[in-house]
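**Student:** Predicted structure and sequence below. I'll ask about it afterward.
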4 protein chains.
Amino acid sequence: MSSSARTSSPPDRRKNVAVVGSASPNAEVLVLAAQVGALIRRLGCNLVCGGMAGVMAAACRGFQEAKEGLPPGPVAVGILPGEDPAQANPWVDAAVATGMGFARNALVVRSADAVVAVGGGSGTLSEIAFAWQANRPIIALVPGGGWSQILAGDKLDDRRNDRILAAQTPEEVESLLRQALGLPPAAR
Amino acid sequence: MSSSARTSSPPDRRKNVAVVGSASPNAEVLVLAAQVGALIRRLGCNLVCGGMAGVMAAACRGFQEAKEGLPPGPVAVGILPGEDPAQANPWVDAAVATGMGFARNALVVRSADAVVAVGGGSGTLSEIAFAWQANRPIIALVPGGGWSQILAGDKLDDRRNDRILAAQTPEEVESLLRQALGLPPAAR
Amino acid sequence: MSSSARTSSPPDRRKNVAVVGSASPNAEVLVLAAQVGALIRRLGCNLVCGGMAGVMAAACRGFQEAKEGLPPGPVAVGILPGEDPAQANPWVDAAVATGMGFARNALVVRSADAVVAVGGGSGTLSEIAFAWQANRPIIALVPGGGWSQILAGDKLDDRRNDRILAAQTPEEVESLLRQALGLPPAAR
Amino acid sequence: MSSSARTSSPPDRRKNVAVVGSASPNAEVLVLAAQVGALIRRLGCNLVCGGMAGVMAAACRGFQEAKEGLPPGPVAVGILPGEDPAQANPWVDAAVATGMGFARNALVVRSADAVVAVGGGSGTLSEIAFAWQANRPIIALVPGGGWSQILAGDKLDDRRNDRILAAQTPEEVESLLRQALGLPPAAR
């Protein structure tokens, strides 16, 4: 985010992608979450998540490990349930302490320009439901199981004409994110 | 926030400093806010604010303009009252959309390891009161006027033994922040 | 809620039952919601809801219309998404204006000792998910359709050993509420 | 709140009056708070407060003890910081559990048609500041001391043309509330 004196117009806003998923997933889901975090970094977007363990930590770690050789700028934001920013996982760049418990799930989703769901229990389900209400594009990674798999391809109700998008691989997540965010297609 | 493969221990958490102040201050306050934003960047801390105009935008802009020649890492976070991350001022690195209106002031303060107040009306007053309740160190810049000036050096009630710290200059803010956050004194 | 000087022990806390469901349901769901509101009043519990139209208004209306001949005390609380208590439906006794939008769904559920779901789209889904996380007993009325029907009898994840309870009629809701809240069985 | 079948128009919404003040005040403040609670009940308004101890409990108790001989209807609402409705003081009719900690202060004030401040430390100060931002009429009882006394008669900033109203006695609070809420003057 440059603030060069040569131009008075601010740069385009960096887009936020939320990753939602369980705090205690299995190993396969953690690998997928890390891959999703990495591709968000390569897309040049910020990563937004709940800032705690499991899918959240894996996505943040993947995000950080992908930055080698890329220009700085994108950041990983953790929107925490507690009152102490020190509760964030160590791969969070900026911790926001809400003190609101699981009601912070609504804030994770509102802050996102698009939401990627990986695995997930009832917390993830609440985030998918909020994302639907907030009219955010939702991409569900099928192989991680959980509520993401159950709802992939579905509509939650009739207020929207689109569906929860089903992705079979992280590559498909990337392609769907490019479309949802208006980014150019991947170079080949 | 390095993720070097050579070490398994994560880096120390980067500290967050909140800047609170009016959305429509006078020119003198804007200059002070920009100086405070710049010194937070030089200290290597994240800047947390309400993400909107006035003191918030000036602090974020000062933060961004100070990064020339410094290592990347620290980020400016805007914790917005509305539901749309696009409402953030253009110098915010990461926008959090709370959709909670002025109740988001509590989140700005909870996310901070220390709070700097510059000028300010009733919104700033609510943030100072919350910071006091949340036991965050508070530094009030006297020359900006407003509630920061009125409360500088005071106690809000008897639950704390310390006081709102009074700073006469941005240099004093920096010195007080170093003490509050346990950072080394400035090199001479 | 007596405050007689003869006794120092306060009366037992009146239990809160939340009713969650769509703001724009069909006529059958509205009839069910009114029946649920009425039975909550007859049980001597408070009714908690989102305070707006549809299932929320029908439940509040049923609650008020059932009070004839019963001792005063139980109240209908509307926990509103907006900032103005005047937005509550007219059958709400006490309006709470959160200004938090749909994040207020978390507060509806936290305030409840038990949750009854009738019909419902994505908003109701978020409330059921939150109620599961908050460990509140959940009773889903099957004939109203929607997410209540889909999830009746299911578990949302493995953090709880119980299930979302399926009720086929308002009478079954009453019986399940008596069990969940530790109230005596209905007189015959 | 009648639901007579003879009329289709709902009754006027009952007005909410918030009482804000310290959780651990001195005995004189408790007496004042109880008198304020009682006069709110006699005015036929709901009482809204933070639902905990101190001024909140005294106001709720005064409210309940004043209901003898008056028609039923007005209720005492406690908007709690925690996640458990059982934390409310025993004179609360309806407990709302926010799980938001002191950020719930914003909800107390938003829910009010008018705010009465009695005594108070930094928590009360945040509520007065929020009430000012939310454009709610504010009445500060001078003899209780604390932030209510300090700010009585003042403006917090220039966004409003009115002032925090200073009341020397509970009778003055009643008179000012009647004006603020558009209720008829007291019968003599």
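**Tutor:** Happy to help now that I have it.

**Student:** Next secondary structure after the longest helix belonging to chain A?
**Tutor:** When chain A is scanned for its longest helix (criterion: DSSP state H), the result is helix A:27-42. Counting by DSSP states H and E, the next helix or strand C-terminal to helix A:27-42 is strand A:46-49.

**Student:** Give the rounded mean pLDDT of that following strand.
**Tutor:** Mean pLDDT, computed over strand A:46-49, is 98.

**Student:** likewise stretch A:25-37?
**Tutor:** Mean predicted confidence for stretch A:25-37 is 96.

**Student:** contacting residues for the closest residue in space to residue A:100 that isn't next to it in sequence?
**Tutor:** Of all residues not flanking residue A:100 in the chain, residue D:100 sits nearest, at 5.1 Å (CB to CB, 6 or more residues apart in numbering or on different chains). For glycine as for every other residue, the C-beta is placed from the backbone atoms N, C-alpha and C. Residue D:100 makes contact with A:99, A:100, A:101, A:103, B:103, B:106, C:107, D:81, D:107, according to CB atoms under 8 Å, 6 or more residues apart in numbering or on different chains.

**Student:** Most neighbours among those, which one is it?
**Tutor:** residue B:106 (33 neighbours; other CB atoms under 10 Å in any protein chain shown).

**Student:** quick one: pLDDT of that one?
**Tutor:** 98.

**Student:** Residue numbers of chain A in contact with chain D?
**Tutor:** For chain A, the residues in contact with chain D (CB under 8 Å from any CB of the partner chain) are A:83, A:99, A:100, A:101, A:103.

**Student:** Please name the residues that touch the first one.
**Tutor:** The neighbours of residue A:83, taking CB under 8 Å, 6+ apart as the test, are A:97, A:99, B:110, B:134, D:101.

**Student:** Break down chain A into its helices, ranges please.
**Tutor:** All helices of chain A, identified by DSSP H, fall at A:27-42, A:55-65, A:105-110, A:122-133, A:146-151, A:170-181.

**Student:** among the ones you listed, which is the most enclosed?
**Tutor:** Most buried of those, by mean neighbour count (mean count of other CB atoms under 10 Å in any protein chain shown): helix A:105-110, with a mean of 30.

**Student:** How far off centre is that helix?
**Tutor:** Distance of helix A:105-110 from its chain centroid, counting by CA atoms, centre = their mean, to the nearest Å, is 11 Å.

**Student:** what sits up against it?
**Tutor:** Contacts of helix A:105-110 (CB under 8 Å, 6+ apart): A:18, A:20, A:48-50, A:79, A:96, A:98, A:100, A:115, A:123, A:126-127, A:130-131, A:134, A:136, B:83-85, B:96-100, C:100-103, C:105-106.

**Student:** and chain A, which residues reach chain C?
**Tutor:** So far as CB under 8 Å from any CB goes, chain A lies against chain C at A:22, A:100-103, A:105-107, A:121-123, A:125-126, A:129-130, A:132-134, A:146-147, A:156-159.

**Student:** related to what we said a few turns ago, if we compare the helices of chain A, which one ends up closest to residue C:63?
**Tutor:** Nearest to residue C:63, of all the helices of chain A, is helix A:122-133, at 25.8 Å by CB to CB.

**Student:** now that closest one against helix A:55-65, angle please.
**Tutor:** Inter-element angle recorded for helix A:122-133 and helix A:55-65: 70 degrees (by axes from the mean of the first three to the mean of the last three CA atoms, to 10 degrees).

**Student:** Does anything pack onto helix A:122-133? Which helices or strands?
**Tutor:** Helix A:122-133 is packed against strand A:16-21, helix A:105-110, strand A:114-118, strand A:138-141, helix A:146-151, helix C:122-133, with contacts defined by 3 or more CB pairs under 8 Å, 6 or more residues apart in numbering or on different chains; DSSP states H and E.

**Student:** Alpha carbons only: can I get it in CSV?
**Tutor:** Output in CSV follows, covering the C-alpha atoms of helix A:122-133 (Å, rounded to 0.1, in the frame of the first residue of the first chain):
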residue,chain,number,x,y,z
SER,A,122,-21.1,-26.0,14.3
GLY,A,123,-18.9,-23.0,14.5
THR,A,124,-18.1,-23.2,10.8
LEU,A,125,-21.8,-23.8,10.1
SER,A,126,-22.6,-20.5,11.8
GLU,A,127,-20.0,-18.7,9.7
ILE,A,128,-21.4,-20.2,6.4
ALA,A,129,-24.9,-19.2,7.5
PHE,A,130,-23.7,-15.6,8.3
ALA,A,131,-21.8,-15.4,5.0
TRP,A,132,-24.9,-16.4,3.2
GLN,A,133,-26.9,-13.7,5.0
